[in-house]
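[1] Following is a predicted model, sequence given first.
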Amino acid sequence: MNSMAQRYGPGTKIGLASLADYPERIDVRSPSEFAIDHLPGAVNLPVLSDEERKLVGTLHAQDSAFAARKVGAAIVARNIARIVETHCAAKPREWAPAVYCWRGGKRSASLAHVLNEIGWRAVQLDGGYRTWRRHVVAALVDAPAHFRYVVVCGLTGSGKSRLLAALHAEGAQVLDLEGLARHRGSLLGDLPRDPQPSQKAFDTALLTALEGFDAARPVYVESESRKIGAIQVPDALLDAMRRAACIRVDTPRELRVALLKDEYLHFIEDPGSLADKLQPLVPVHGRKVIEHWIAAATAGDFDTLVDELLVTHYDPTYGRSILRNFSRHADALRVTPHAIDMPAFRALARDLDAQVNAASPVAA
């Protein structure tokens, strides 16, 4: 381990450079703070719950810092006792967790102190989560340029995401931005019962993914726009993607319709949920067209609905966007799926990855 971290005891702090030596990380912030974002691999063991943190903050503002510290110390002590009795009970003597809070202050210092007094080798992250967040923001300016991307392009429903999943299953390096953003990237792309992460959590997940890649091998990524639902893709990554070589997935329209029906099954099961989603298209296509599409969904005629959405809306929109944003699209290597099941996509992925790795103009 880093020599700075050998002198364990109250007040032992580490910087981000030593964080890799501490895979076990304890985030003592409140659950709502943890939910917004946290260090990779961290477990949330709050020394103050959201309600308790609000209580202490109110006392500080309305009474005094002394009154807030008295109440806060008692609450923190009880919560630390519970943490020791539950999470820490079976930990071996050599256990060495990294403990952090918002800025490396009293909350993390309190737990780290108790753990060290017991005999464990706890350290405190200097600067806390705030230091981590600054690192993520700075790293996402530089890290994307270290990799060579192969951008998977194709009209809506062509199976780009399915091809990325197949490439990953075949051992290729894949940056699944829609997976990280928990959104399919279109007007209808939000996932039922699976809300998007915060921007900060997305950034942390993105940096973690990038740091796991081998720069000597290509990274496959889908041709995304600047925003995936509510999530913003970092400018540095977008710039690198838009200069990259492209793969064009040319899927026959009847297969695209079948694939979209498969992936958007929740609309087929609940046609009424589609009506509100289509309302933003009224200024683009007119109310009569939108009412016609809603009627088709209500009647269960999803073949007509999906086909018309593709021809009337998605294909023209995607065509304009891809030509504007991906300069190498005209020279893209073309692949054509002949089925939409995963075995077919895995076979396509094996052939594609072999071509990409054999042809330097595509991989470069």
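    Great, that's in hand.
[2] what about Val76, how many neighbours?
    Neighbourhood size, Val76 [other C-beta atoms under 10 Å]: 22. (C-beta placed from N, C-alpha, C; glycine too.)
[3] and it, what does it touch?
    47-48, 107, 110 (C-beta atoms under 8 Å, 6 or more residues apart in numbering).
[4] what comes up buried for stretch 212-231?
    Buried residues in stretch 212-231, counting neighbours by 16 or more other C-beta atoms under 10 Å, are found at 213, 218-224, 228-229, 231.
[5] wait, which of these is closest to His292?
    Out of the buried residues of stretch 212-231, the one with the shortest distance to His292 is Gly229. That distance is 26.5 Å, counting by C-beta to C-beta.
[6] Excluding chain neighbours, what is closest to that closest one?
    His183 (3.5 Å; C-beta to C-beta, 6 or more residues apart in numbering).
[7] Isn't that neighbour up against Gly189?
    Yes. Between His183 and Gly189 there is a contact at 5.0 Å, judged by C-beta atoms under 8 Å.
[8] what's the overlap in contacts for those two?
    With contacts taken as C-beta under 8 Å, 6+ apart, the residues that reach both His183 and Gly189 are 228-229.
[9] quick one: which of those two has more around it?
    Per other C-beta under 10 Å, whichever of His183 and Gly189 has more neighbours is His183, with 22 against 17.
[10] so what's that one up against?
    For His183, the set of contacting residues under the criterion of C-beta under 8 Å, 6+ apart consists of 189-191, 196, 228-231.
[11] now swap in Ala205 and tell me
    Residues in contact with Ala205, defined by C-beta under 8 Å, 6+ apart, are 180, 197.
[12] State the helix or strand in which it lies.
    Taking DSSP states H and E as the definition, Ala205 sits inside helix 199-211.
[13] Give me the average confidence score over that helix.
    Averaged over helix 199-211, pLDDT sits at 98.
[14] One more: stretch 178-185?
    92.
[15] Can you get me the start-to-end distance on that stretch?
    Taking C-alpha to C-alpha, to the nearest Å, the first and last residues of stretch 178-185 lie 7 Å apart.
[16] Go through stretch 134-143 and flag the buried ones.
    Counting neighbours by 16+ other C-beta under 10 Å, the buried set in stretch 134-143 is 136, 139-140, 143.
[17] Over to stretch 238-247?
    Buried residues in stretch 238-247, counting neighbours by 16+ other C-beta under 10 Å, are found at 238, 240-242, 244-247.
[18] and what of stretch 337-352?
    337, 340, 344-346, 348-350, 352.
[19] Of those residues, which belong to strands?
    When strands are assigned by DSSP state E, not one member of those lies inside them.
[20] okay if I get those as JSON lines plus distance to Glu94 and pLDDT?
    Shown next, in JSON lines, are the buried residues of stretch 337-352 (distance: C-beta to C-beta, whole Å; pLDDT from 0 to 100):
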{"residue": "Pro337", "distance to Glu94": "52", "pLDDT": "96"}
{"residue": "Ile340", "distance to Glu94": "51", "pLDDT": "95"}
{"residue": "Ala344", "distance to Glu94": "50", "pLDDT": "97"}
{"residue": "Phe345", "distance to Glu94": "46", "pLDDT": "97"}
{"residue": "Arg346", "distance to Glu94": "43", "pLDDT": "97"}
{"residue": "Leu348", "distance to Glu94": "49", "pLDDT": "97"}
{"residue": "Ala349", "distance to Glu94": "44", "pLDDT": "97"}
{"residue": "Arg350", "distance to Glu94": "45", "pLDDT": "97"}
{"residue": "Leu352", "distance to Glu94": "47", "pLDDT": "96"}
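[21] Farthest pair within the residues you listed?
    The most widely separated members of these are Ile340 and Arg350, with 16.9 Å between them, by C-beta to C-beta.
[22] quick one: His285 and His313 touch, right?
    Yes. With contact defined as C-beta under 8 Å, His285 and His313 form a contacting pair (6.7 Å).
[23] Please say which of these two ends up with more neighbours.
    Under the criterion of other C-beta under 10 Å, the comparison of His285 against His313 puts His313 first, with 19 against 16.
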